[in-house]
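1. here's my sequence, what's the structure:
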Amino acid sequence: MKTIGLLAGMSWESSIEYYRFLNQMVRERAGGLSSARLVISSVNFAPLSAHMHDGRWDLIAETLGAEAARVERAGADFLVLGTNSMHHVADAISSAVSIPFLHIVDPTGAAIAARGLKTVGLLGTRFTMEKEFFKGRLQKSYGIETVVPGDEDRALVHRVIFDELCLGVVTDASRAAYGAVIDRLVARGAEGVILGCTEIGLLLKDGDCTVPLFDTTRLHAAAAVDLALAA
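-> Model prediction:
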């Protein structure tokens, strides 16, 4: 079994989900008392969140590149960045190491393509919804178009992530609000919706909506386990 390198802590609420998914999936695949081989670097999210909101992606790239190199030195065979938003600097992070980097868009795009969908909604932080690092890769590599919420809905989705989900707060009111946002995306042609923030899976589950939901956290973890168990 290969050793998975996980850059975590962004936020630690979703990092718990990564840890749980990785170990559950290894046990399901390998049986018995099997669990994932992991090297984890869990960072302090507070300064990185401040850098995001200040537009200082250069400082984020510097910090996470150094952490990625630390994970490689600790023995990881490949790298998983356990957050969507920070994939804005994925190239800088992957260039800081010599081990493979498992990009979060790729298992998500593969899952959507396997369902035969061509247009999907995208929920996430405003950075993920507004910048091109996620949408562009999805279109270029998988031919999948994305629909993002309007201005007010983007603000709502972003606020719930940072003010609630990253703090472990999950409410029925926010679940209903997200459901209404998804309904509006479906009305604009979305055939499914990407839960493009690793915390949103804490709020919504597949079956909560009339269209398929693609949880990037679960899909990313499954791809990591596939790679870890590959011959």
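2. quick one: mean pLDDT for stretch 82-100?
-> The pLDDT scores in stretch 82-100 average 98.
3. buried ones in that stretch?
-> Neighbour-count burial for stretch 82-100, counted by 16 or more other C-beta atoms under 10 Å, picks out 82-90, 92-94, 96-97, 99. All C-beta atoms are positioned from the backbone trio N, CA, C, and that covers glycine.
4. now the two most distant members of these.
-> Maximum pairwise distance in the buried residues of stretch 82-100, criterion C-beta to C-beta, is 22.1 Å, between 85 and 99.
5. picking up where we left off before, taking the buried residues of stretch 82-100 one by one, which sit in helices?
-> Applying DSSP state H to these, the entries found in helices are 90, 92-94.
6. quick check, nearest of the residues you listed to residue 110?
-> Proximity of those to residue 110 (C-beta to C-beta) peaks at residue 90, which lies at 16.9 Å.
7. list the contacts of that closest one.
-> 81, 101, 103, 133 (C-beta atoms under 8 Å, 6 or more residues apart in numbering).
8. packing partners for the helix or strand harbouring residue 225?
-> Assessed by DSSP states H and E, residue 225 sits inside helix 216-229. For helix 216-229, the packing partners by 3 or more C-beta pairs under 8 Å, 6 or more residues apart in numbering; DSSP states H and E come out as strand 4-8, helix 12-30, strand 78-81, strand 101-102, helix 105-114, strand 193-195.
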